[in-house]
Structures are given as C-alpha cells and as structure tokens.
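Asks: I'd like to go over a predicted model; first the sequence, then the structure.
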Amino acid sequence: MQHFEYCVHLIGIDHVAFGPDTLFGDHVALHHAFARQLSITSAHGSAPFEEVAFVDGVENPAEEFPNIVRWLVKHNYADDDIRKVLGENILRVLKEVWWK
C-alpha cells in the first residue's frame, strides 16, 4: 500500500491500478519455479533484496480485493477514486489502446 500511495503521488490516481497476481497455495514457490525456468533471476542482477514470503492481507485471491478496498476506505479515498484503481483505469487504457 505504501508503493500504491507513492505511485498515486508520483503520477496521479488516474494512472494507477491494482492487479494482484497472487493465487491460492504457495505462490512464492511458483515464482521461484518461474525464475528458474525463465532466467528471471539474471534480470535482477546482483542487487540484494529481502524476499518476502507473502504480503499480509493480500496473500490469496479470497482476501486481496476486500482488504485493498477496506484499506482505501479507511484512508479516505473517494468512491470514484476507488473505482478507478479497482478497474476503471485499466478499462480506460484498454479502450484507448485496443479499440482505436
């Protein structure tokens, strides 16, 4: 959510959206498998980073969007802005890019 707010302040609410890529089960192991198969590790170079097993509150599809919405409401985001980041921004961009 800190990264979300950073992006909102950097480029504006009209250019930010949520697209969680989590799934039920051990998604960290799946990411490791992809990294091995697709050489994703080499793209990161040698920069150290702390691996996180999961992001508390968004570690599976059953809770991610309800928790994101709760957080947005709790932090006083307007209904229109919540709609934008939950899908309207994505739909707008898709229409602009694909249906021209």
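Replies: Ah, there it is.
Asks: contacts and neighbour counts: CA atoms only from here.
Replies: Will do.
Asks: can you give me the buried ones in the helix or strand containing residue 37?
Replies: Residue 37 is located in helix 27-38, with elements delineated by DSSP states H and E. Residues of helix 27-38 classed as buried: 27, 28 (neighbour count, 16 or more other C-alpha atoms under 10 Å).
Asks: give the rounded mean pLDDT of it.
Replies: The pLDDT scores in helix 27-38 average 75.
Asks: centre of the chain to that helix, how far?
Replies: Distance of helix 27-38 from its chain centroid, counting by C-alpha atoms, centre = their mean, to the nearest Å, is 18 Å.
Asks: so where is the protein shaky, pLDDT-wise?
Replies: Applying pLDDT under 70 to the chain flags residues 21-22, 39-49, 54, 100.
Asks: mind doing that once more with 90?
Replies: By pLDDT under 90, the low-scoring segments of the chain are 1, 3, 19-65, 98-100.
Asks: residue 64: how many residues sit nearby?
Replies: Using other C-alpha atoms under 10 Å, residue 64 is surrounded by 21 other residues.
Asks: list the residues that contact it.
Replies: 20, 57, 58 (C-alpha atoms under 8 Å, 6 or more residues apart in numbering).
Asks: again with residue 87
Replies: 17, 18.
Asks: that one: what secondary structure?
Replies: Classification of residue 87 using DSSP: H, G, I helix; E, B strand; the rest coil returns helix.
Asks: now the buried members of the contacts of residue 64.
Replies: residue 58.
Asks: dump the contacts of residue 64 to a markdown table, plus distance to residue 51.
Replies: Below are the contacts of residue 64 laid out as a markdown table (distance: C-alpha to C-alpha, whole Å):
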| residue | distance to residue 51 |
| --- | --- |
| 20 | 17 |
| 57 | 17 |
| 58 | 16 |
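Asks: can you tell me which of the contacts of residue 64 is nearest residue 98?
Replies: Nearest to residue 98 among the contacts of residue 64: residue 20, at 22.2 Å, using C-alpha to C-alpha.
Asks: let me have the contacts of residue 64 in JSON lines, adding secondary structure as columns.
Replies: Listed next are the contacts of residue 64 as JSON lines, based on three-state DSSP:
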{"residue": "20", "secondary structure": "coil"}
{"residue": "57", "secondary structure": "coil"}
{"residue": "58", "secondary structure": "coil"}
